[in-house]
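> Give me a 3D structure for the following:
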Amino acid sequence: VIWAIIFIVTAVYTMRYAKKVSKDPQNSIIYGEYELMEVKEEHITKFEAKHGIIMLIMLVGFGIYSYGAVKYSWGMDYMAAIFFIVGVSGGIVGGLNGDQIVKSFVEGCKEMCFSAM
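All right, here's what the predicted structure looks like:
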């Protein structure tokens with residue numbers, strides 16, 4: 001019941017906000033920052049075979065963890081280990097050297113640390 005109430009209130013608020021912003025985009029909380037979020041043509045990367053392999057590695061990682069969580073009650077420590085392996089494997093397939101993989105990992109951690117707190 002509480003979930004339904006929270007869902008309805010959130011949905012109504014979101015719909016009202018969307019109407020308000022569609023009438024006047026200046027009412028948006030990110031007005032003026034839109035240019036920062038636009039994807040430029042030169043930043044679009046062509047999908048290559050290595051991207052498909054990396055996606056497959058991620059899918060296999062999700063599958064292994066899902067199976068282990070259900071069958072063996074794996075927790076966060078196993079998930080962290082599996083996704084660490086997935087990240088390193090993806091970096092290798094993506095053509096990164098060890099230093100680049102570590103730098104990418106640290107950059108990702110920087111972005112996630114604030115959310116995790």
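> What is the host helix or strand of residue 79 packed up against?
Residue 79 is part of helix 76-93 when elements are defined by DSSP states H and E. Helix 76-93 sits against helix 49-72, helix 98-116, with contacts defined as 3 or more CB pairs under 8 Å, 6 or more residues apart in numbering; DSSP states H and E. All C-beta atoms are positioned from the backbone trio N, CA, C, and that covers glycine.
> Got the domain ranges for this protein?
Residue ranges for the domains of the chain, per automatic domain parsing: 1-40, 45-117.
> Quick one: the ones you listed as CSV, columns for mean pLDDT too.
CSV is the format used below for the domains of the chain (pLDDT from 0 to 100):
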stretch, mean pLDDT
domain 1-40, 85
domain 45-117, 94
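> so what's residue 45 up against?
Neighbour list for residue 45: residue 51 [criterion: CB atoms under 8 Å, 6 or more residues apart in numbering].
> where's it relative to residue 95, distance?
12 Å (CB to CB, to the nearest Å).
> Around the closest residue in space to residue 53 that isn't next to it in sequence, how many other residues sit close by?
Distances taken as CB to CB, 6 or more residues apart in numbering put residue 93 closest to residue 53, at 5.1 Å, once the chain neighbours are dropped. Using other CB atoms under 10 Å, residue 93 has 16 neighbouring residues.
> Would you check how far apart residue 93 and residue 100 are?
Taken as CB to CB, the span from residue 93 to residue 100 is 13 Å.
> Repeat that for residue 24.
45 Å.
> The two: which has the busier surroundings?
residue 100 (12 against 9).
> what's the nearest residue to the more buried one if we skip its chain neighbours?
residue 91 (7.0 Å).
> Roughly how far does the one you found sit from residue 113?
20 Å.
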